[in-house]
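Novice: need coordinates for the below:
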Amino acid sequence: MERNYNFCAGPSTLPEAVLKQAQAEFLNWHGLGASVMEISHRSKDFEAIMVQSEQKIRSLLNIPENYKIIFQQGGAYAQFSMIPLNLLGNQTKVDAIDTGNWSNKAMKAMAKYAEINVLATAKDTLPEEGSLKFSKDAAFVHYCDNETISGVEFDYAVQSEYAPTVVDMSSNILSREFDVSKFGLIYAGAQKNIGPSGITVVIVREDLLGKANPMTPDVFNYELQSKNISMVNTPPTFSMYMIDLVLTWLQNQGGVSAIEKINNEKAAMIYNIIDSSDFYRNPVTKNARSRMNIPFTIVNPELDPIFLAQAKEHGLINLEGYRAVGGMRASIYNGLPLEGVKVLCEFMSDFEKKYG
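Specialist: Here you go, the predicted structure:
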């Protein structure tokens, strides 16, 4: 069966080489005569996956030694509550930036635990760097580095002189190089660039641990999980195995710096088609454009269903825009090959010639 090019925003396409390896090892992992899903999470064989995965992420992102890496069950949505429960301590205020759907959802969830001071609201652009007025008494500053729905991505790291920065990198972690030391906590749902859904990677600076609210469940207590290689309880073993394979694949591509060049090339190809056309439009200001999620519309919206149907016939699937937004959206995470973007761009050009 021939695979399509999958532009889904998440759960997203995985590298084909990873899927083939998982398929080959499904019944008999490492000669044990059993699947990785069937062995004890307390066995040395499985514990090695947890340790290796942490080491690989640390190496790929050049994470300093004073940061802990935790694999939390559930998605990033759960972290909207777990972060204030772990980091507020005796403080009661959070600074936040609203750039779209996910940052807004995070603010609403965190408002159950703290007063939210909105630093800026910007939907199709970014607040100008240096323009934000931070609170002196905030426990932390929160923002979403890449908004999957609106297609907005920060091109700078937000930093307060008063509090650590907490950033949601669910949809762009491992897609480019960045300085981890600029952040107090980074979290990322796995289902975009890390692996299948069900796990969120949390990278937290050590000095922020030990502040958890007494009501925080043990399984969501960062300090407890960091002391137990993320296995206070049984982890999603197959998802962890897949994450380990994806991280190895990324290392084999040349690491984050190499995949960043490919990602930049993929994004530039699509934006060039849009910008050179009166047929397609992208609403985001150029300095705020996402490299991972590219929403676009056709001048005549009646052509949208025709575009999507014909794209599917060409093996280009899941290009529908978010249900509340409409139009189209191309999500081009690490696992989507360059060839898939080339096919999409050829289709977009041909479609414009036919219907423009």
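Novice: give me the low-pLDDT residue ranges for the protein?
Specialist: Applying pLDDT under 70 to the chain flags residues 1.
Novice: make it 90
Specialist: Residues of the chain meeting the criterion pLDDT under 90: 1-2, 122-124, 322-326, 356.
Novice: how much space separates Lys70 from Ser171?
Specialist: Lys isn't right for residue 70; it's Ile. 19 Å (CB to CB, to the nearest Å). (Glycine included, C-beta is placed from N, CA and C.)
Novice: who has more neighbours out of these two?
Specialist: Ser171 (28 against 22; other CB atoms under 10 Å).
Novice: for the more buried one, give me phi and psi.
Specialist: phi -100, psi 0 (degrees, to the nearest 10).
Novice: where do the helices of the stretch 151-300 of the chain begin and end?
Specialist: Here the stretch 151-300 of the chain has its helices, by DSSP state H, counting those that start in this stretch, at 222-227, 237-252, 256-275.
Novice: which other residues reach the first one?
Specialist: Outside helix 222-227, the residues that touch it by CB atoms under 8 Å, 6 or more residues apart in numbering are 68, 70, 72, 82, 86, 202, 204, 208-210, 212, 218-219, 231-232.
Novice: of those, which pair is most distant in space?
Specialist: By the measure CB to CB, Leu208 and Met231 form the most distant pair in the contacts of helix 222-227, at 21.1 Å.
Novice: list the contacts for the residue lying closest to Gly255 once chain neighbours are set aside?
Specialist: Nearest non-adjacent residue to Gly255, counting by CB to CB, 6 or more residues apart in numbering: Leu60, 5.9 Å away. Residues near Leu60 by CB under 8 Å, 6+ apart: 174, 247, 250-251, 255-256.
Novice: now the contacts of helix 222-227: which count as buried?
Specialist: Among the contacts of helix 222-227, those classed as buried by neighbour count (16 or more other CB atoms under 10 Å) are 68, 70, 72, 82, 86, 202, 204, 208-209, 212, 219, 232.
Novice: strands along the stretch 201-350 of the chain, start to end?
Specialist: For the stretch 201-350 of the chain, the strands defined by DSSP state E, counting those that start in this stretch occupy 280-281, 293-298, 316-317, 328-331.
Novice: closest to Asn28 out of those?
Specialist: Closest among the strands of the stretch 201-350 of the chain, using CB to CB: strand 316-317, at 31.7 Å.
Novice: what sits up against the closest one?
Specialist: Strand 316-317 is contacted from outside by 4-8, 311, 340, 343-344, 347, using CB under 8 Å, 6+ apart.
Novice: how does it look with 7 Å?
Specialist: 4-7, 343-344, 347 (CB atoms under 7 Å, 6 or more residues apart in numbering).
Novice: what of stretch 4-21?
Specialist: 3, 148, 191-192, 196-197, 245-246, 249, 293, 315-319, 329-333, 335-336, 340, 343-344.
Novice: about what we covered before: please, a PyMOL command that selects the buried ones among the contacts of Leu60?
Specialist: In PyMOL, this line selects whichever of these come out buried by 16+ other CB under 10 Å:
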select buried, resi 174+247+250+255+256
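Novice: returning to what we had before: of all the contacts of strand 316-317, which two lie farthest apart?
Specialist: Top of the distance list for these (CB to CB): Asn6 and Phe347, 14.6 Å.
Novice: turn the strands of the stretch 201-350 of the chain into a markdown table, columns for mean neighbour count.
Specialist: Formatted as a markdown table, the strands of the stretch 201-350 of the chain follow (neighbours: other CB atoms under 10 Å):
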| stretch | mean neighbour count |
| --- | --- |
| strand 280-281 | 18 |
| strand 293-298 | 24 |
| strand 316-317 | 19 |
| strand 328-331 | 24 |
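Novice: and of those strands, who's closest to Ser160?
Specialist: strand 293-298 (26.6 Å).
Novice: which residues does that closest one contact?
Specialist: By CB under 7 Å, 6+ apart, strand 293-298 touches 9, 146, 148, 150-151, 171, 267, 270-271, 274, 279-282, 304, 307, 321, 325, 327-332.
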